[in-house]
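> Fold the following for me, if possible:
(chains A and B)
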Amino acid sequence: MAWSDPEFAPESPPVRTRLWVVAGAGAAACVGAMWLAAHQPAYRPTEPDAALTLVVGASLLGCGLASWRARPENRLGPVMVVTGFAWFAGLLSVASVPWVYTLGSGIQYLWLLGIVYVLLSFPSGRLSRRTGRLMLAGTVLLVLTQVAAMLYGNKAGLRCAGCPTNVIQVFHDNQKAQNWLNLQRMIGAVFETSVIVLLVRRWWRASPAHRHAIAPVVIAGCATLAALVWTVTFDLLGDPLGALPAEIWFYTTATVPVAVAYVMLQRRLARGMVAGLVVELGEPHASTDLREALARALGDPSLQLAFWLPAERGYVDADGLPVTLPEDDVERRSTIVARDGEPIAALLHDPVLEHNAELVQSVCAAASLALENERLQAELRARLADLQASRARLVDATDTERRRIERDLHDGTQQRLVSIAMSLGLLQSKLPDQAEARPIVAETREALALALAELRELTHGINPPLLAERGLAAALDELCRRAGLPTRLALEIDRRLPDRIETAAYFVASEALTNAAKHSHGNEVQVLARDHGRTLTIDVADDGIGGATAAGGSGLRGLADRVEALGGSFTVSSPPGRGTTIRAEIPCA
Amino acid sequence: MRVAVADDSVLLREGLSRLLQEAGFDVVGLAGDGDELLELVQRTGPDVAIIDIRMPPTHTDEGLRAARVIRERWPAIGLLVLSQHVNARYALELLSAGTDGVGYLLKERVSDLSELSASVNQVGRGGSVLDPAVVAELVGRRRQAGSPLEHLTERELEVLALMAEGRSNHAIAERLVVTDHTIEKHVKNIFGSLRLPQSPDDHRRVLAVIAYLNGRE
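Residues are numbered from 1 along each chain as shown, chains lettered A, B, ... in the order given. Okay, the predicted model is just below:
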């Protein structure tokens, strides 16, 4: 569906004229039927009275016209109008003129086919191949059995002793006529029952949104057909309950067109929903969930929203994750909401809403500002997710680079220096005890040992080997043992965590311990490292003078960046005179 | 004494081999990683294996693992593990399974011919060797106030460190230029202050001392 659906073309004058003509004909049919009913002989005890007959016909005509006007593209309106005329045409069978009576009797059940057509084709107005075949079979059988009965019987043979003469009687066998009528009743009962089964099955298989849409029609239809089956059954048994069953199905039949028209006219009711939506979205302090509100207004709980990102030329959900719009999907449809030619969002919804496109359009129009708002938020979240990912990549890149430098130093410079030390050792052993060069070699070896020690400290600081090899718990244990201030460590970690998390946690503790030793003037430090399953927390608390801050140029700022890049939080609490506590929380699920 | 050498750096294992030969050891073969070393040890049955901790394929602690395997299969072979880092934890792990014939030294330490020779001999004879830098780190660790170590004199701390390095009373006496008897008195005092049981065996007391220093006793 797109914005400019031809369904919403304004009503054209010819259509309006045609509707007025049909309405006039309908009114005439009503008057005619009333006249016929008023002159009906009192010899048909099982037929409901004239007023009820009129109600059913008028309901079909009126609701048919209303639906036709609301949905000119949909066949259901015209079909209901035709059914209304067929209903009144069936009343010709109460006329006293023989040929009129005969004609009316012949076609008196065509209206039933109209009702069944409406029920089976609702809401699209089109039959599937299978339901089409069922309809055709029902039509042929009901008309043929009626005509067959009328070829054989007359008056009492057609269960109407006081009726005018049947003008198409050819054979004179009232018993056969009765048999044909009984067969017709039985076929009718089977036909109606299968339609009930079809409707119930369709209901059973429908999505929630579809059920919501077809509920009134399915209920009215099933009630009508059930009442009809009941009536036919009693008819076969000789009407032990008199006119009661027929009266009941007259009432239920009258509700079918009302139910259809109700659903078809829902766009008017929907306007009320849309107005409610506008009010709801306009509330200044509303913490309205836009999706919920739209789902409610559209009657589709499965509704999903997707927002347009112009830069990526694609859609994302509210959390900024990419969404693909369904194409040629039987289960889902999408409607695009646009402003000034640019898409804002897409509604992913149940296909049944296609039959109510104007409601979707109104809802989209009402919510476009709110949708644009949500779109901006989704765009922001997508950007934030990108940013977060890029920060994490930067941290990873730094870690990789650190490991590479440490490795290069270990495999290159350190090895070379050790090898030089070995050569010097060899040289020293070869020098005679009194050689003048001896002190120089000894001096060089000492200088080399110093250089190696410094290099060792450097590589250890760049990438503590224990951290990579034995994990955070072992590395923290070692760190605390080597710390400048007496340090107590409480460890609650019994698994390896991802490298970047262990590295971040280690450097937090390391930097905090260095700061405590350098600046706190305290006596003792407590380190608490705990794996909570979803997060890892590191607390480093000293009992020094406090007054530390992460804002300055200290290493704390860099640590905060590192922890936040992993989606964690980093806090420094350092009230003057009451020690410094550094706390890092890092997600590690 | 027959020695096998394992180091992934050609430069270092050749250098080490030259030094060992210079010092009069019989170098039975050189290996580039743990598997090669095990194969070499099985083939040649050396008295001592000198093993670099960090070797391929993971470049972490293959040397330690190879040492553990050798200790399990051929307990008589002395193990001298070399590291480029002062890693007290690894040293303690190595020694915790028994200090007999086990040593842990920084790589550059073995560039001194006499030091190398003494360490290989000590390990080969079933003694233990712990690098002074590791011992210094263990002794230098900050402790809670009131640690018994605070009651030791400077001299006693010196003796304690030398004990931890694996030296005998006699070697300590030579190093500090005092009589054996003086050292025996110091050792008695130290064990008393730390409430450690006296151990007549020079080898076994290493473990007691370093375990104490590590704060795990």
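> just checking, next helix/strand downstream of the one helix or strand in chain A whose mean pLDDT sits lowest?
Ranked by mean pLDDT, DSSP states H and E, the weakest helix or strand in chain A is helix A:266-282, scoring a mean of 66. Downstream of helix A:266-282, the first helix or strand assigned by DSSP states H and E is helix A:290-298.
> buried residues in that next one?
Using 16 or more other C-beta atoms under 10 Å in any protein chain shown as the test for burial, helix A:290-298 gives A:290, A:293-298. Quick note: C-beta positions are derived from backbone N, CA and C, even for glycine.
> Residue 60 in helix, strand or coil?
Going with chain A. Judged by DSSP: H, G, I helix; E, B strand; the rest coil, the three-state class of A:L60 is helix.
> that answer is for a different chain, and I need it for chain B
coil.
> Can you read off the backbone torsions of it?
phi -120, psi -90 (degrees, to the nearest 10).
> ok, how many other residues are close to the nearest residue to it once chain neighbours are set aside?
Closest residue to B:T60 apart from its sequence neighbours, by C-beta to C-beta, 6 or more residues apart in numbering or on different chains: A:E469 at 4.2 Å. Number of residues near A:E469 (other C-beta atoms under 10 Å in any protein chain shown) recorded here: 19.
> Let me see the contact set for the residue nearest the centre of chain A.
Nearest residue to the geometric centre of chain A (C-alpha atoms, centre = their mean): A:S302, 3.1 Å. Residues near A:S302 by C-beta atoms under 8 Å, 6 or more residues apart in numbering or on different chains: A:207-209, A:295, A:349-350.
> now that we have those residues, which one has the most neighbours?
Neighbour max across the contacts of A:S302 (other C-beta under 10 Å) = A:H349, 26 neighbours.
> If I look at it, what pLDDT would I see?
The model reports A:H349 with a pLDDT of 86.
> Over to A:A451?
For A:A451, the predicted pLDDT is 94.
> That one and A:T413: what is the separation?
9 Å (C-beta to C-beta, to the nearest Å).
> where do the strands sit along chain B?
B:2-6, B:26-31, B:48-52, B:78-83, B:102-106, B:128-130 (DSSP state E).
> With mean pLDDT and mean neighbour count added, can I get those in TSV?
Putting those into TSV (pLDDT from 0 to 100; neighbours: other C-beta atoms under 10 Å in any protein chain shown) gives the following:
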stretch	mean pLDDT	mean neighbour count
strand B:2-6	96	24
strand B:26-31	96	18
strand B:48-52	95	27
strand B:78-83	94	26
strand B:102-106	92	26
strand B:128-130	89	28
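> out of the ones you listed, which comes closest to A:L455?
strand B:102-106 (11.9 Å; C-beta to C-beta).
> List the contacts of the closest one.
Outside strand B:102-106, the residues touching it (C-beta under 8 Å, 6+ apart) are B:67, B:71, B:78-84, B:86, B:90-91, B:94-95, B:119, B:122-123, B:128-131, B:133-134, B:166.
> okay, now the domains of chain A?
With domains defined by automatic domain parsing, chain A comprises A:15-263, A:287-393, A:396-462, A:469-587.
> With distance to B:T179 added, can I get these in a markdown table?
Output for these, formatted as a markdown table (distance: least, C-beta to C-beta, whole Å):
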| stretch | distance to B:T179 |
| --- | --- |
| domain A:15-263 | 98 |
| domain A:287-393 | 65 |
| domain A:396-462 | 27 |
| domain A:469-587 | 35 |
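> do you know which of those domains lies nearest B:I172?
If we rank these by C-beta to C-beta, the stretch that ends up nearest is domain A:396-462, at 22.5 Å.
> do the closest one and chain B meet?
Yes - Domain A:396-462 lies within reach of chain B by C-beta under 8 Å from any C-beta of the partner chain, at A:407, A:410-411, A:414-419, A:421-426, A:428-429, A:445, A:448-449, A:452-453, A:456, A:459-460.
> What's the nearest residue in the stretch 251-400 of chain A when you look at chain B?
A:T400 (14.9 Å; C-beta to the nearest C-beta).
> Point out where the chain drops to low pLDDT.
Because you didn't say which chain, this covers chain A. A:1-14, A:38, A:40-49, A:266-275, A:282-288, A:550-554 (pLDDT under 70).
> Let me rephrase: I mean chain B.
B:142-147, B:199-204, B:211, B:215-217.
> Residue 100: what's its closest spatial neighbour, skipping adjacent residues?
Looking at chain A here, since you left the chain open. Distances taken as C-beta to C-beta, 6+ apart put A:L92 closest to A:V100, at 5.3 Å, once the chain neighbours are dropped.
> Wait, chain B was what I had in mind.
Distances taken as C-beta to C-beta, 6+ apart place B:G126 nearest to B:D100, at 5.0 Å, with adjacent residues excluded.
> Could you do A:P343 as well?
A:P343 sits nearest to A:W308 (C-beta to C-beta, 6+ apart), 4.3 Å away.
> tell me which element the one you found falls in.
Per DSSP H and E, A:W308 falls inside strand A:304-309.
> tell me what that strand is packed against?
helix A:290-298, strand A:314-316, strand A:342-349, helix A:357-408 (3 or more C-beta pairs under 8 Å, 6 or more residues apart in numbering or on different chains; DSSP states H and E).
> which SS class is the residue nearest to A:V100?
helix.
> Checking my notes, A:T335 in a strand, right?
Yes - membership of A:T335 in a strand is supported by three-state DSSP.
> so it makes contact with A:I344?
No - at 11.6 Å, A:T335 does not count as touching A:I344 under the criterion of C-beta atoms under 8 Å.
> Enumerate the residues of chain B near chain A.
B:9, B:11-12, B:15-16, B:18-19, B:22-23, B:54, B:59-61, B:84-89, B:107-108, B:110-113, B:116, B:133, B:137, B:141-145, B:214-215.
> Weed out the non-buried ones from these.
B:9, B:12, B:15-16, B:19, B:23, B:54, B:59-61, B:84-89, B:107-108, B:110-113, B:116, B:133, B:137, B:141-142, B:214.
> In helices, which of these fall?
Within those, residues falling in helices by DSSP state H are B:12, B:15-16, B:19, B:88-89, B:113, B:116, B:133, B:137.
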